[in-house]
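In: got a predicted structure here, sequence first:
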Number of protein chains: 2
Amino acid sequence: MTHEPAQGTIFVQTTLKVLGGKWKILILWHLKDGARRFSELKRLLPEITEKMLIQQLRELERDGIVNRNIYSEVPPKVEYSFTEYGLTLKPVLQILCSWGENHLKHIE
Amino acid sequence: MTHEPAQGTIFVQTTLKVLGGKWKILILWHLKDGARRFSELKRLLPEITEKMLIQQLRELERDGIVNRNIYSEVPPKVEYSFTEYGLTLKPVLQILCSWGENHLKHIE
DNA sequence: CAGTATCCGCTACGATACTG
DNA sequence: CAGTATCGTAGCGGATACTG
C-alpha cells in the first residue's frame, strides 16, 4: 500500500499524536509482553516520575490503547495491559526496536 | 526476531533519539519519494518555522539519515534527500503511516 | 533561495509532599 | 500500593529581522 505524501502526512501525524510524549512508546514497550502493575512500570522506568507515568497511562487509556484493571484488594492493585486494539501497535513497536538495534551496530 | 524487554528498551530509545523532535518524521515523510529543496519543504510543512526546519535537517544530516546537496547556482539551490542508510527508515515511516490511517478509521 | 541571529513565551516535564 | 496536588523550571520551539 502506497500513500500520497499529502494524505499520508495526516496519517503520520495521527500516529504521532497517539504515540507522542516522552514516555509513551517506552511504556508500551514494557506492556507488550503482558500486564504490568503500576509499581512494576515505575521500577522498569526508573527515570520517570509518578506524575508523568500516570499522565501518559491515562492518555493511552483515553486513546483506547491500554486497559486499566483494578483489583479491589488491600493493598490496592492496578494492572495496565494492551487493549485488543492496542495490540495493533505491536508491529510498530517491533520495527522501532529493530531499527534501533541495527542503528546501534551501524554507528559503533 | 524477539527482544528481551530490558535490552529492547535501549534499542527503542536509540530510534527515538534519531526520530525525536516535533518535525523529523514529517520531514522524512516528505523526503521519502525523492529529493526536496529547502523551499519545497517549507511549502509542504506550512506550520514549521525556518529555524526549526534547518535545525531538524541538520540533526538528520549528522545522524547520517539525509544528504545535503548544494548546487552552486544563482539563486542558490540546496536539495535534501535520503542517504542510502536513511532509506532503511522507509519501512518505519510506512508503518507509522499505515497505523495512523487505520486509527483514523477506527476512531471516527 | 537558503539560510543566520536574537529574543522570548510557553508548556511539557520534573521535584516534592501528601492521601485513600 | 497507587495514586493527587502544588509548585517550579529548562529548554523546545516560535516570531521576527537580517544576510550571502
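Out: That came in fine, so what should we check first?

In: pull up the per-residue confidence for the residue nearest to A:Tyr85 when sequence neighbours are not counted.
Out: Spatial nearest neighbour of A:Tyr85, chain neighbours left out: A:Gly64 (5.3 Å); criterion: CB to CB, 6 or more residues apart in numbering or on different chains. Heads up, the C-betas are built off the backbone N, CA and C, glycines and all. pLDDT for A:Gly64: 97.

In: can you verify A:Gly64 is assigned to a strand?
Out: No: assignment of A:Gly64 by DSSP: H, G, I helix; E, B strand; the rest coil gives coil, placing it outside any strand.

In: distance of it from DNA strand D?
Out: In this view, A:Gly64 and DNA strand D are 18 Å apart by CB to the nearest atom of the strand, to the nearest Å.

In: same question, A:Trp23
Out: 15 Å.

In: coming back round to it: the residue nearest to A:Tyr85 contacts A:Leu87, doesn't it?
Out: No: using CB atoms under 8 Å, A:Gly64 is not in contact with A:Leu87; the gap is 11.3 Å.

In: wait, what's in contact with A:Gly21?
Out: If a contact means CB atoms under 8 Å, 6 or more residues apart in numbering or on different chains, then A:Gly21 has A:Gln56, A:Glu59 as its contacts.

In: for it, helix, strand, or coil?
Out: coil.

In: phi and psi next, for the most centrally placed residue in chain A.
Out: Closest to where the C-alpha atoms of chain A average out (CA atoms, centre = their mean) is A:Leu28, at 2.4 Å. According to degrees, to the nearest 10, the main-chain angles of A:Leu28 amount to phi -60, psi -40.

In: surely A:Ser81 touches A:Leu31?
Out: Yes: using CB under 8 Å, A:Ser81 makes contact with A:Leu31 at a distance of 6.2 Å.

In: are there residues contacting both of these two? Which ones?
Out: A:Val66.

In: who's more crowded, these two?
Out: Counted by other CB atoms under 10 Å in any protein chain shown, A:Ser81 and A:Leu31 do not tie: A:Leu31 has more neighbours, with 27 against 15.

In: how close does the more buried one sit to B:Tyr80?
Out: In this view, A:Leu31 and B:Tyr80 are 36 Å apart by CB to CB, to the nearest Å.

In: same thing with A:Lys24?
Out: 29 Å.

In: show me which of the two is the more surrounded one.
Out: B:Tyr80 (23 against 18).

In: for the more buried one, what are phi and psi?
Out: phi -110, psi 140.

In: list the contacts for the spatially closest residue to A:Lys42 that is not a sequence neighbour?
Out: Spatial nearest neighbour of A:Lys42, excluding adjacent residues (CB to CB, 6+ apart): A:Leu53 at 6.3 Å. A:Leu53 makes contact with A:Trp23, A:Ile27, A:Phe38, A:Leu41, A:Lys42, A:Leu45 under the criterion CB under 8 Å, 6+ apart.

In: over to A:Leu26?
Out: Counted by CB under 8 Å, 6+ apart, A:Leu26 has contacts A:Leu45, B:Thr9, B:Val12, B:Gln13, B:Leu16.
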